[in-house]
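Student: Got a sequence here, can you model it:
(2 chains)
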Amino acid sequence: MTDRFRFRRIVAPAGPRITFTLDGRVLEARLGDSVAVAMMLAGYPACGSLPPTGRVRVPYCLMGACHECLVRVDGRSMHQACLLPVRTGMCIETDLEGHGS
Amino acid sequence: MEHLPLPAAPGNGAVTRHPGTAADTIVIGGGMVGASIALGLVLRGHRVTVLDEGDRALRAARANFALLWVQSKGAGAPAYFNWSRMAAAAWPDFARQLEAMTGIVLHLSQRGGLTLALSGAEMDHLATRSARIACDQGSDFPHEMLDHSQTRALLPAIGPDVVGALFSPLDGHLNALALFHALHRAFGRSGGHYVPASPVRTITPTKKGTFILDTPHGYRECERVVLAAGLDNTRLAPMVGLHAPITPQRGQIMVTQRLPPFLDYPTNALRQTDNGSVLIGNSQDTVMTRQPVDLEIDAVMADRAIRSFPCLQAASVVRSWSCFRVKSPDGMPVYDHSTLWPGAFVASCHSGVTLAPNHTGLVCDAIHTGIIPPIMQAFSASRFTLTAASRS
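Tutor: So this is what the prediction gives:
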């Protein structure tokens, strides 16, 4: 997964390093990143699967319009990852199996 | 039967090309109706330019629900039922051709559709209306009134409040975004020319039989002009001796998160798209403001949706919008040619998706050959002026 999605930060972040979990895996982000950006930079952009086909979906518009980045955050579902700032210790879950393994 | 001659274009309907003329035919409006007609004309050899407005135009195409819908059309107006049914029958071939031309999958499904009734009164209304259509059609209206358990057999997810339903095998739905994309792509690939952000301020007929269109990018001259500008047809039509008494009708649509498939058939108010989203929206009001969404209307629609399908209780609405549909006084389409200024044609209708095959087909034949076929004659705007005259 990390090989396929190589997102690179091109603007130096102002915020300090923090950690959050994605499907049980501990990952690093910068304070000020959105959850979607944090997932993309960590190499795990997949947010869920499309009900009819099972195809994986990833953040697309990054501005709240497309709803492709819906994830569960601290137990509450239907969060738009692109609109939510990542915080220390945040627990992000997708409905994808094998994400954390 | 009487054929109303469409104006004499030079060479009896054949298109003559003048050097220096930008297009033989200009279609004003690049929405569902304009794109369908533009494609049909370019396929008939016209040099076609579509002049469209920008993104912020009042686009009726945004209000469409992507249904191919016959079962509610034309009670007491058999011409409209026939016109819609003919389009529905043409859809399978039309979709195949468009898909072959463009490589875009339309997700057409025509297995039938339902209108759910949540009360005995609603059931009675559906039965009465269907009886009227069946009477007009000499009983040739394939449909069934279903009770609760018969409805449940088709749609297992219905709730206890559903009294029954009207089912007609004539109906269906598709992906309207894909259709819109395909119409424009097929038009472009066939040599059509599309110009966005180009509202037409005025149309001036000339002595030599052409039309001069004033746009922000300069003047354009053409031999034929087709008004497919939705609500703006009302303003444009009188400039070429036509009449388009169209009023806006506001509709609201809500879209849920993507859900596993649970609806095998579309209903008039709710359908599940090929990508799992559920579209909810059958509101109609005539408030003419640009206020984005009336939450009370959303609440009523959501309540009906949940009573119809209780599993939607847990679904999240991810967006909602309002839009203006195009409505004539009697709800039927308006197709007309100008007798004062031959070469001008107007098309306005409520059902740009259902009627797309007719717009690309028969309507373009009428524009191209100059003959309005009998099946279209009921849709002349003269019906409104005649009605007004007979009242006075």
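Student: From here on, just use CA atoms for contacts and neighbour counts.
Tutor: Will do.
Student: Do a quick rundown of the helices in chain A.
Tutor: A:35-42 (DSSP state H).
Student: swap that for the stretch 151-300 of chain B, please
Tutor: Using DSSP state H, counting those that start in this stretch, the helices found in the stretch 151-300 of chain B span residues B:176-189, B:233-236, B:295-308.
Student: As CSV, the ones you listed with mean neighbour count would be great.
Tutor: Formatted as CSV, the helices of the stretch 151-300 of chain B follow (neighbours: other C-alpha atoms under 10 Å in any protein chain shown):
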stretch, mean neighbour count
helix B:176-189, 21
helix B:233-236, 20
helix B:295-308, 16
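Student: Of all those, which one comes closest to chain A?
Tutor: helix B:176-189 (14.5 Å; C-alpha to the nearest C-alpha).
Student: The closest one and chain A in contact?
Tutor: No. Helix B:176-189 stays out of contact with chain A when judged by C-alpha under 8 Å from any C-alpha of the partner chain, the minimum separation being 14.5 Å.
Student: name the helices or strands packed onto that helix?
Tutor: helix B:32-43, helix B:78-102 (3 or more C-alpha pairs under 8 Å, 6 or more residues apart in numbering or on different chains; DSSP states H and E).
Student: Including distance to residue B:244 and mean pLDDT, could the helices of the stretch 151-300 of chain B go into a markdown table?
Tutor: Listed next are the helices of the stretch 151-300 of chain B as a markdown table, based on distance: least, C-alpha to C-alpha, whole Å; pLDDT from 0 to 100:
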| stretch | distance to residue B:244 | mean pLDDT |
| --- | --- | --- |
| helix B:176-189 | 24 | 97 |
| helix B:233-236 | 5 | 96 |
| helix B:295-308 | 29 | 89 |
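Student: Dump those helices into TSV; add distance to residue B:321 as well.
Tutor: Output for these, formatted as TSV (distance: least, C-alpha to C-alpha, whole Å):
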stretch	distance to residue B:321
helix B:176-189	16
helix B:233-236	24
helix B:295-308	10
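Student: Please tell me I have it right and residue B:84 contacts residue B:357.
Tutor: No. Contact criterion C-alpha atoms under 8 Å: residue B:84 and residue B:357 do not qualify, at 9.9 Å.
Student: number of nearby residues for residue B:318?
Tutor: 17 (other C-alpha atoms under 10 Å in any protein chain shown).
Student: how about the strands of the stretch 151-300 of chain B, start to end?
Tutor: Using DSSP state E, counting those that start in this stretch, the strands of the stretch 151-300 of chain B run over residues B:164-168, B:172-173, B:193-195, B:202-205, B:211-215, B:218-227, B:247-256, B:270-272, B:278-280.
Student: tell me how far the last one is from the chain's mean position?
Tutor: It refers to strand B:278-280. 19 Å (C-alpha atoms, centre = their mean, to the nearest Å).
Student: Ok, the shortest one next?
Tutor: On the basis of C-alpha atoms, centre = their mean, strand B:172-173 is displaced by 14 Å from the centre of the chain it belongs to.
Student: next one: the first one
Tutor: Using C-alpha atoms, centre = their mean, the mean C-alpha position of strand B:164-168 is found 23 Å from that of the whole chain.
Student: Each with direction, which strands does it pair with?
Tutor: strand B:113-117 (antiparallel), strand B:144-147 (antiparallel) (DSSP bridges).
Student: highest average neighbour count across those strands?
Tutor: strand B:113-117 (a mean of 25; mean count of other C-alpha atoms under 10 Å in any protein chain shown).
Student: Tabulate the strands of the stretch 151-300 of chain B in JSON lines, adding columns for mean neighbour count and distance to residue B:113.
Tutor: Shown next, in JSON lines, are the strands of the stretch 151-300 of chain B (neighbours: other C-alpha atoms under 10 Å in any protein chain shown; distance: least, C-alpha to C-alpha, whole Å):
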{"stretch": "strand B:164-168", "mean neighbour count": "23", "distance to residue B:113": "6"}
{"stretch": "strand B:172-173", "mean neighbour count": "26", "distance to residue B:113": "6"}
{"stretch": "strand B:193-195", "mean neighbour count": "18", "distance to residue B:113": "35"}
{"stretch": "strand B:202-205", "mean neighbour count": "18", "distance to residue B:113": "42"}
{"stretch": "strand B:211-215", "mean neighbour count": "19", "distance to residue B:113": "43"}
{"stretch": "strand B:218-227", "mean neighbour count": "21", "distance to residue B:113": "32"}
{"stretch": "strand B:247-256", "mean neighbour count": "21", "distance to residue B:113": "19"}
{"stretch": "strand B:270-272", "mean neighbour count": "25", "distance to residue B:113": "10"}
{"stretch": "strand B:278-280", "mean neighbour count": "24", "distance to residue B:113": "15"}
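Student: Please render the ones you listed as TSV that adds mean pLDDT and distance to residue A:34 to the earlier fields.
Tutor: Below are the strands of the stretch 151-300 of chain B laid out as TSV (pLDDT from 0 to 100; distance: least, C-alpha to C-alpha, whole Å):
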stretch	mean pLDDT	distance to residue A:34
strand B:164-168	98	47
strand B:172-173	97	38
strand B:193-195	96	38
strand B:202-205	97	49
strand B:211-215	97	44
strand B:218-227	96	46
strand B:247-256	87	23
strand B:270-272	95	31
strand B:278-280	94	28
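Student: With distance to residue B:135 as added columns, please give those in a markdown table.
Tutor: Output for the strands of the stretch 151-300 of chain B, formatted as a markdown table (distance: least, C-alpha to C-alpha, whole Å):
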| stretch | distance to residue B:135 |
| --- | --- |
| strand B:164-168 | 16 |
| strand B:172-173 | 23 |
| strand B:193-195 | 44 |
| strand B:202-205 | 44 |
| strand B:211-215 | 45 |
| strand B:218-227 | 35 |
| strand B:247-256 | 29 |
| strand B:270-272 | 28 |
| strand B:278-280 | 31 |
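Student: Indicate which one of those strands is closest to residue A:79.
Tutor: Distance to residue A:79, taken as C-alpha to C-alpha, is lowest for strand B:247-256 among the strands of the stretch 151-300 of chain B, at 13.8 Å.
Student: Let me know whether the closest one sits next to chain A.
Tutor: No. Applying C-alpha under 8 Å from any C-alpha, one finds strand B:247-256 out of contact with chain A, separated by at least 10.1 Å.
Student: now for that strand, which elements pack on it?
Tutor: strand B:278-280, helix B:295-308, strand B:317-327.
Student: And the residue nearest the centre of the chain?
Tutor: Went with chain A since none was named. residue A:39 (3.3 Å; C-alpha atoms, centre = their mean).
Student: wrong one, I was asking about chain B
Tutor: Chain B, centroid-nearest residue using C-alpha atoms, centre = their mean: residue B:352 at 1.7 Å.
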